[in-house]
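Undergrad: need the 3D shape of this:
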Amino acid sequence: MTQIPLLVSRSLSNFLDGLIVAIPRLLSGLVFLALAYLTVRAALAVVRGSIERVYVGDRELVGDLIVTLVSVFLWFGVALTFLKVVGMGDIAASLGTAVGFIALGVSYALSEMIEDTVAGVYLLRDPDFNPGYRVEAKGVTGTVAAIELRKTRIDTDAGDRVVVANREIEPRWTYDTSAPADEGAGDQSGMDTANT
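TA: The predicted model follows:
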């Protein structure tokens, strides 16, 4: 029976010793988080300002995607550094490795969506493929109604709206030269250009 009070007092002593060691680390972690928050917010404001000047109008989706990716990387770096500051460096290293493998698995599972998004970025940046242009892509001929990150919407002459994945359009599409040039948004007369 005399060992139970001794065990309790030892456990309490070890807990208080650990708490005394942990308090400075936690304070350092809180100071780091405050500084990191201000730094990340400032960096994202600079990135967003730069991106908004480059990607305007219907290309804002590309800018938003870039800002989101930068934000995710910055906050992930802050989280790993915070763990290192509070003395959990081994956990930070393990977490970094695990997230790498998880990201690899997610990218494999979402490969078609990623392919659509990358093709959407190329289509949004292409000056020859804009809303209002008459094109033929994947057997569909009509006017481009909207270009989004994953899908492009084409209005056919029959009044139907066809939605096509960007990965299917981006490798090959042509201007529809059978339509009058004034129907498209740009001068397409005499053009039979293919995107390759």
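Undergrad: and whichever strand in the chain runs longest, how far out from the chain's middle?
TA: Of all the elements of type strand in the chain, the one with the most residues (DSSP state E) is strand 140-147. The chain centre lies 26 Å from the centre of strand 140-147; the measure is C-alpha atoms, centre = their mean, to the nearest Å.
Undergrad: where does pLDDT dip in the protein?
TA: 1-2, 19, 56-59, 175-196 (pLDDT under 70).
Undergrad: tell me which other helices or strands the one helix or strand residue 39 maps to touches.
TA: Residue 39 is located in helix 3-54, with elements delineated by DSSP states H and E. Counting contacts by 3 or more C-beta pairs under 8 Å, 6 or more residues apart in numbering; DSSP states H and E, helix 3-54 packs against helix 60-85. C-betas here are computed from N, CA, C, even on glycine.
Undergrad: report the buried residues of the helix it packs on.
TA: Residues of helix 60-85 classed as buried: 61-63, 65-67, 70, 74, 78-80, 82-85 (neighbour count, 16 or more other C-beta atoms under 10 Å).
Undergrad: let me see the contact set for residue 5.
TA: When contacts are counted by C-beta atoms under 8 Å, 6 or more residues apart in numbering, residue 5 is found next to no other residue.
Undergrad: alpha carbons of stretch 152-172, as CSV, please.
TA: Listed next in CSV are the C-alpha coordinates belonging to stretch 152-172 (Å, rounded to 0.1, in the frame of the first residue of the first chain):
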residue,chain,number,x,y,z
THR,A,152,-16.1,23.6,-71.7
ARG,A,153,-19.7,24.3,-72.7
ILE,A,154,-20.5,24.5,-76.4
ASP,A,155,-23.9,25.7,-77.8
THR,A,156,-24.8,23.9,-81.0
ASP,A,157,-26.9,25.3,-83.9
ALA,A,158,-29.8,23.1,-82.8
GLY,A,159,-29.9,24.9,-79.5
ASP,A,160,-28.4,22.2,-77.4
ARG,A,161,-25.6,22.9,-74.9
VAL,A,162,-22.9,20.2,-75.0
VAL,A,163,-20.5,19.9,-72.0
VAL,A,164,-17.2,18.4,-72.9
ALA,A,165,-14.2,17.6,-70.7
ASN,A,166,-11.3,19.9,-71.3
ARG,A,167,-8.8,17.0,-71.7
GLU,A,168,-10.8,15.9,-74.7
ILE,A,169,-10.9,19.3,-76.4
GLU,A,170,-7.4,20.7,-75.7
PRO,A,171,-5.4,18.2,-77.8
ARG,A,172,-7.3,18.9,-81.0
